[in-house]
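Participant: okay, here's the prediction I keep looking at, along with the sequence it came from:
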Amino acid sequence: MLRSIATVSLGGTLVEKLNAIAAAGFDGVEIFENDLLYFDGSPADVRRMCQDLGLRILLFQPFRDFEAAPRARMAKNFDRAELKFDMMEQLGADLMLVCSNTAPDAIDDDAVAAEDLRALGERAARRGFRIGYEALAWGRRVNRFGHAWKIVQAADHPAIGLVLDTFHTFAVEDDDAPIAAIPGDRIFFVQLADAPLMRLDPLSWSRHFRCFPGQGGMAVTRFTRNVLASGYAGPISLEIFNDEFRAAPPRPTAIDGIRSLLLLEEELAGDSARAARPLGTPAPPVCHGVEFVEFSVDAETRPRLTAMFEAMGFAHAGTHRSKDVALYRQGEVNFILNAEKDSFAHSFFLLHGPSVCALAFRVDNARGAVERALHYKAQTFRGRVGPNELVIPAIRGLEASLIYLVDRDDTEPTIYDVDFIAAPAGATAACGLRAVDHVSQVMPRGKLDGMMLFYKSVFGFEAEPTHELVDPYGLIQSRVLESRDRTVRLPLNTSASPRTSTSRFISAYSGGGVHHIALTTDDIFATMAAMRDRNVPLLDIPDTYYDGLSAQHDLPADAIDRMRHLGILYDRAGAGEFLHAYTRSFDGRFFFEIVERRGYDGFGAVNASVRLAAQALSERAESSLELLGDLAL
């Protein structure tokens, strides 16, 4: 598959865009005319630049409002076309995209449109060019590919072919199945774009909300499968109009673009034929849960976080042999506190303060997982490794945090056996915490789709539909990613409002990161009672929440009273029940959730607004106490 992208898909100058496109590994590029208008050079300069970067210029676009225009205007239209051909000659591009006419006075006559295209094809052919005709979703007379195909057939010229676009097809709810019956050699170019499913006029929807394949809700893979069934063997190109993409640095966006095409190729190969994965792509790793969570701390924050861990029932399980790193454990939950100054964790601390700097996923084949990550353009990381210590592969995740890939072979020593000196058994009593249930990550607006694509491509995670959480100060978008065996679950959150808890976290944290860690227990009442007795800083839930529980659910009064006393929230779905509670945040950066699942699979989203309101009240109270303390000084 020849992979291409339109320059309009990225932000920055044309030079920045082309460098980003080449660095990401694209084969070719569509040149959008506006990029030439803003470029301080000639089209011939662009051609040379692309040649130096190893990029082919596959398409020049767009040529608008040409066919079926009022007859008095056609001479001018042909003059415009010749000027575009001059530009294409300098660019070295042989294909020009002609959009279906959107002018109010376009003539409603297919024969006239075909005659105009035939005449344009004749002029193009004399200069060695071809014309691709595309039905815009908001075209005045032609807005479906089937209609455009009829006109192309009527034009009956070898230099006139069809351009297909996923967005223009699905925006008008067209059936893409007939594409498979179009002769592949009459399809001159194929453009892909995804988009969230929404009720909006096609022009506004197209101009602002397109995204890469796999980031929205359109059937892009099915569409492409129909295109290939036609016998089409030309480029597959991304054409994305998106305000956030244009405002972002071009290189990360270009990486997301190539990831989307690589993932599409894998999906086209089919899940049933793993041996046929394109370019020998390793299969997604099989995950077996979160192996450990690593926190970056310094001399001041470490004792405070250690005290919180111990109050929550974590025991000091080991000290690193060569680094200032400690291991805390309860059940299958491993927390690592890293205060080593000559380390990645310290650099991360300088940027973000006390924070989760790394997650570790337990996988079936770490080496294969790294190979897959590299195929999907992820960055690997290797830190300082002491004598006789295990080398654990890692890749960069959200905001340059790390994701370690840990093989667990019961016949081999673990990282805890090799790298740590076991601590003597202490007096810390566990609170019943058993495993990591899920890890929630928060990110700036505009990064959620990219991170979703990262997890889908690199790890083969599956994405649930986006849903909204109601914060007292605005809406939070949330989308859950999870491994296929569901042992790793990652809710991803973002918000447009600057005052929501998500945005406050990003401000305090100086970027995106792990917002909260949910831990499972088999008896949340016993766990929360133990934590309250040990003065764990727990989140207080308003009494009004419990006053309404009896009306929503058939619960005994004494059970509701126990929940009220311990700050436990409740939800029910079918026969399943979900009980969960929260700690207050540590320095405004992260907090912990304690969950008990009784045949329940969700995340208690119905309680999110209550939790968010309680956190806002808690933060306000803490800020007031800090202010009083400052005044006392």
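Facilitator: Thanks, I have it.

Participant: for residue 124, helix, strand, or coil?
Facilitator: Here residue 124 is recorded as helix under DSSP: H, G, I helix; E, B strand; the rest coil.

Participant: tell me the contacts of it?
Facilitator: With contact taken as Cβ atoms under 8 Å, 6 or more residues apart in numbering, residue 124 is in contact with 81, 85, 96, 130-131, 159. In this view, the C-beta of every residue, glycine as well, is placed from N, C-alpha and C.

Participant: if you rank those residues by neighbours, which is first?
Facilitator: Each of the contacts of residue 124 was scored for neighbours by other Cβ atoms under 10 Å, and residue 131 scores highest at 26 neighbours.

Participant: give the helix, strand or coil label for that one.
Facilitator: Relying on three-state DSSP, one would call residue 131 strand.

Participant: circling back: export the contacts of residue 124 as CSV, with columns for distance to residue 415 and pLDDT.
Facilitator: What follows is the contacts of residue 124, written out as CSV (distance: Cβ to Cβ, whole Å; pLDDT from 0 to 100):
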residue, distance to residue 415, pLDDT
81, 66, 97
85, 64, 98
96, 58, 98
130, 59, 98
131, 61, 98
159, 63, 98
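
Participant: kindly indicate which of those lies nearest residue 174.
Facilitator: Among the contacts of residue 124, residue 131 lies closest to residue 174 (Cβ to Cβ), at 22.0 Å.

Participant: pretty sure the closest one sits against residue 116.
Facilitator: No. Using Cβ atoms under 8 Å, residue 131 is not in contact with residue 116; the gap is 10.6 Å.

Participant: residue 220 against residue 261, yeah?
Facilitator: No. With contacts counted by Cβ under 8 Å, residue 220 stays clear of residue 261, the gap being 10.4 Å.

Participant: show me where the stretch 451-600 of the chain has helices.
Facilitator: For the stretch 451-600 of the chain, the helices defined by DSSP state H, counting those that start in this stretch occupy 501-509, 524-533, 543-552, 557-566.

Participant: residue farthest from the centroid of the chain?
Facilitator: Going by Cα atoms, centre = their mean, the residue of the chain most distant from its centre is residue 72, 49.7 Å out.

Participant: how far away is that residue from residue 105?
Facilitator: 11 Å (Cβ to Cβ, to the nearest Å).

Participant: swap in residue 232?
Facilitator: 34 Å.

Participant: where exactly do the strands run in the stretch 201-350 of the chain?
Facilitator: All strands of the stretch 201-350 of the chain, identified by DSSP state E, counting those that start in this stretch, fall at 236-238, 287-296, 315-320, 325-330, 333-338.

Participant: for residue 441, find the nearest of these.
Facilitator: strand 287-296 (12.1 Å).

Participant: and the angle from the closest one to strand 333-338?
Facilitator: Counting by axes from the mean of the first three to the mean of the last three Cα atoms, to 10 degrees, strand 287-296 lies at 30 degrees to strand 333-338.

Participant: and strand 287-296, which strands flank it?
Facilitator: Strand 287-296 pairs in its sheet with strand 333-338 (parallel), strand 355-363 (antiparallel), by DSSP bridges.
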